[in-house]
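Colleague: Generate coordinates for the sequence data below:
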Amino acid sequence: MTATNICDKWREGKTTLGGWLAIPRTVTAEATARCGFDYVCVDTQHGPLDFADSVSMIQAILLGGSSPIVRVPRNEPGIIGKSLDAGAHGVIIPMVNTVAEAEQAATACRYAPRGVRSWGPTVAGLRHDYFNWEPGNVACIPMIETAEALSNLDEILAVPDIDAIYVGPADLSITLGLPPGNNDGEKAFDEALSFILERCAAHNIIAGIQSTGALTPKRTAAGFRMVTVTTDLLAMRMGINAELALARGESASGASSDLY
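Modeller: Okay, here's the model as predicted:
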């Protein structure tokens, strides 16, 4: 099974659906990728994963036929470059709130003269003629997840070499004075998502968001083209709870919660 790069799908105008990994195991990584997701993200920010876990999980995602993405723990050039050297097709970078932070994220993903990334694609270079492959195939994806980021959104989106942004609904909600999670129906939350979509369209930047299976059709209809459907841990818990409920003769609720 050959993995198609997520940037290729965006260039083709496609909407991409993704899975999210919090469990540090290659088996769950490959199994998730084989479900047919366009991308699978390894979460090294909030998940109980470290860099060593991510290297083998990226391999498993590629084996499963999906495009591997890594959410790095922070906006730091060494960490970003190391994840890309490990073979990630892109990085999601948390808490990008200002133009300066967006520029730091973008330049960390690119080699000179476009950026400051250091050469050394130790693992990624095994798979590609990397110097010629990297332009157009490595996605820089800052997270928009605060009220401050919203106030600077046009300037952030104008930074060169940003391919997409990724909305973190939980942190965004908290900074808007709401509880963490998806707060559809709350005026401030709805207006924030509409504003993000409008400005992304104006700047020709892909809009991404953390979602759930039930919310995904609404998000894609609104214009989000990078939508994470579920996480491994959440899906496992929901499936186990449903099977246990059936075993007890109870109705499985099927309800999900927002963990990220």
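Colleague: okay, CA-based contacts and neighbour counts for the rest of this
Modeller: Noted.
Colleague: What degree of burial does residue 105 show, as a neighbour count?
Modeller: When neighbours are counted by other CA atoms under 10 Å, residue 105 registers 28.
Colleague: Then residue 250?
Modeller: Quick note: residue 250 (other CA under 10 Å) scores 11 neighbours.
Colleague: Residue 81 too?
Modeller: Neighbour tally, residue 81, other CA under 10 Å: 23.
Colleague: where's it, which helix or strand?
Modeller: helix 77-85 (DSSP states H and E).
Colleague: same question, residue 62
Modeller: Counting by DSSP H and E, the element that carries residue 62 is helix 51-63.
Colleague: distance between that helix and the chain's centre?
Modeller: Relative to its chain's centre, helix 51-63 lies at 16 Å (CA atoms, centre = their mean, to the nearest Å).
Colleague: Repeat that for stretch 101-110.
Modeller: Relative to its chain's centre, stretch 101-110 lies at 16 Å (CA atoms, centre = their mean).
Colleague: Residues contacting that stretch, please?
Modeller: The contact list for stretch 101-110 (CA atoms under 8 Å, 6 or more residues apart in numbering) reads 75-78, 80-81, 84, 93, 96, 114-117, 138-140, 142, 156, 159-162.
Colleague: if we can go back for a sec, show me what counts as buried in the helix holding residue 62.
Modeller: Residues of helix 51-63 classed as buried under the neighbour-count rule (16 or more other CA atoms under 10 Å) are 51, 53, 54, 55, 56, 57, 58, 59, 60, 61, 62, 63.
Colleague: got TSV for those, with pLDDT and distance to residue 226 too?
Modeller: Below are the buried residues of helix 51-63 laid out as TSV (pLDDT from 0 to 100; distance: CA to CA, whole Å):
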residue	pLDDT	distance to residue 226
51	96	24
53	97	24
54	98	21
55	98	23
56	98	24
57	98	21
58	98	19
59	98	22
60	98	21
61	98	17
62	98	18
63	97	21
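Colleague: before we move on, back to that, what's the angle from the helix holding residue 81 to helix 51-63?
Modeller: Here helix 77-85 runs at an angle of 30 degrees relative to helix 51-63 (axes from the mean of the first three to the mean of the last three CA atoms, to 10 degrees).
Colleague: partner residues bridging the residue nearest the centre of the chain?
Modeller: With distances taken as CA atoms, centre = their mean, the chain has residue 92 as the residue nearest its mean C-alpha position (5.2 Å). According to DSSP bridges, the partner residues bridging residue 92 are residue 71, residue 141.
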